[in-house]
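A.B. asks: Provide a 3D model corresponding to the input given below.
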Amino acid sequence: MNAPPLSSESKIPADERNPAFKRRGFYLHGAWVMEHPFSVRSWQRQDFAAMFRLLHLLGFNAVMIWPTPETAPMPLSEEDAATLRGYRDVFDDAKANGLECWLAYCPNVISKDEVRHLPWKDRSLYASKQVIRLSDEPKAAEAYLDHRRSVLCLLDNADAFVVIDGDPGGYAGAPPEEYLRILRSDQSAVPGKRVIPMIWNGWGRDTAGEGYWSTPVLPTVRASLETLKSGMSGEWELLPGRSHREGWANGRVPVAETERAGLIPRSTIFCYEAIEFEPSEPAAVLQFDLIRQALKQESQFSSVAKGVFGNAQQPVMVLPNLYFFARGAANSDYLEKTDSEVLADFARELGDAEGVLIPAWSCLKLSLRDLPSDHAQKVRTLNLDTELAKNIPGGPQRYVEILAAQFESRRGLLAATEEPPATAEQAAQSLAAGAAALIRWWHVHHYVGAGRKGDPFQWRFLREDQVRTLREHATRCAAFGPGVITQATELLASENILQFDEASQRLSELTPAVGS
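C.D. replies: Residues are numbered from 1 along each chain as shown. A predicted model of the protein is given here:
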């Protein structure tokens, strides 16, 4: 069924007469494979519709969706075509709820044929991608562009089409004219619609060296902007993307270079990773300071630029950040609120007048004494019945269960590792308890990074700061000898946390001393 539009009276108050940014958008990043409702890739139409209503309530007026059409191998099968057509309804639902709807589509990237047999939602782009080198492979380039146009024709009810300049996509030494060629090809597929280049690292930058950001972005960003400025025609727009802080990744280079080129009036500024670092393991990580910093820095363009965008790979886990970004983008005065005031405001908006959710949102920063043993159950018994809460993808009851599970994981880890063990038995029990606390949380979300659905558990699928706490405790347990691993493994296996062999391998990885 179609998503019913919401009345303007339902929206959270914002200074619409003089908003900080006229266009306020949010990017739904659909690439990462996780359980429902963590991953946008796991969503059904009703989840998208709920998210659109939630965004509308928060004061957003635009949304960008990446359904990863790149995971459809060439040639396009009828099954994949049918799946892509289904997103037309999703786009219509967004527009029915007052959101301008953009489609994101990476350039010169396609999945290998090996994924064709997999269900759409189980395909991992990063695990199967291949790059088409347009300048070096003329026949492959034409076949790819034809395929790309056929995909865009299936999704031509989007309001605009965004093409990133790399990550993923691009390759070292690729000329910026090649990027322009892709944009023009897209324009021919959707005549009359906006095709919007996203400037992130510049077309043709070398990303295969000592690290993705080991080479400077300024030369390729500047060259890309110069090519676009001379080669694009009509009332074209631009989406310059900046990192969550200066001195990290691309910093503010794309925005600064866009200003230098005189293109800010054409631009919607993308504050990438201000709401959530990407990629990141599922967790309720609060980063209000990064949101304040990014929005305040870019507020100098609020009356000139077309707007601002934020993003998250797992929006359900970072709803407080999404809320703060929305309020700050609509009314810059809200950025002056303290973190505790923002959390209290959001809790009330969800129907939690007592602020029971606040420790659950903040648990990764709290000590054991600030995590009462009965608090997870208090979270589970919440009845979040406001219109905002009802439109959380997965529903409010699933949301409080997720937060309670993370709270239990954090508390269980700290309780297990707080004191050094006095005996070998205590070492094994505490090591197993700490590991179980973390792995139970993984069983809730099943994040596999750039891997594939069903990949076995790895410590890298959890937040490093949480695993570090367990590693430090494992080092203390090492004093009791290698028997600790065997005993802890047996405990994990007996509770069906992991199979015996897998548990043994994972525990041995925590520290060579324990595994020796």
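
A.B. asks: For L388, pull up the helix or strand it's in.
C.D. replies: helix 387-390 (DSSP states H and E).

A.B. asks: name the helices or strands packed onto the helix or strand just after that helix?
C.D. replies: Toward the C-terminal end, the helix or strand that comes next after helix 387-390 (DSSP H and E) is helix 396-417. Here helix 396-417 touches helix 357-362, helix 375-380, helix 387-390, helix 424-445, helix 464-477, going by 3 or more Cβ pairs under 8 Å, 6 or more residues apart in numbering; DSSP states H and E. Any C-beta I mention is one placed from the backbone N, CA and C, and that applies to glycine too.

A.B. asks: Now with 7 Å, please.
C.D. replies: helix 357-362, helix 375-380, helix 424-445, helix 464-477 (3 or more Cβ pairs under 7 Å, 6 or more residues apart in numbering; DSSP states H and E).

A.B. asks: can you tell me which residues contact the closest residue to R410 other than its chain neighbours?
C.D. replies: Nearest in space to R410, with sequence neighbours left out and distances taken as Cβ to Cβ, 6 or more residues apart in numbering, is C363 at 4.5 Å. Listed by Cβ atoms under 7 Å, 6 or more residues apart in numbering, the contact partners of C363 are 371, 406-407, 410.

A.B. asks: just to revisit the earlier point, L492: which of the helices and strands packed on helix 396-417 is closest?
C.D. replies: Nearest of the helices and strands packed on helix 396-417 to L492, taken as Cβ to Cβ: helix 424-445 at 5.4 Å.

A.B. asks: Could you tell me how far the closest one lies from the centre of the chain?
C.D. replies: With Cα atoms, centre = their mean, to the nearest Å as the basis, helix 424-445 stands 27 Å off its chain's centre.

A.B. asks: Next up, identify which helix or strand S504 is on.
C.D. replies: helix 500-509.

A.B. asks: quick check: mean pLDDT across that helix?
C.D. replies: For helix 500-509, mean pLDDT is 96.

A.B. asks: Kindly calculate the angle that that helix makes with helix 464-477.
C.D. replies: 90 degrees (axes from the mean of the first three to the mean of the last three Cα atoms, to 10 degrees).

A.B. asks: now what about the helix holding L388, what contacts it?
C.D. replies: When contacts are defined by Cβ under 7 Å, 6+ apart, helix 387-390 is touched by residues 10, 54, 57, 349-351, 396.

A.B. asks: Give me the buried subset of those.
C.D. replies: 54, 57, 349-351, 396 (16 or more other Cβ atoms under 10 Å).

A.B. asks: Same list as before, the residues you listed that is, but in JSON lines and with secondary structure included.
C.D. replies: Shown next, in JSON lines, are the buried ones among the contacts of helix 387-390 (DSSP: H, G, I helix; E, B strand; the rest coil):
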{"residue": "L54", "secondary structure": "helix"}
{"residue": "L57", "secondary structure": "helix"}
{"residue": "E349", "secondary structure": "helix"}
{"residue": "L350", "secondary structure": "coil"}
{"residue": "G351", "secondary structure": "coil"}
{"residue": "P396", "secondary structure": "helix"}
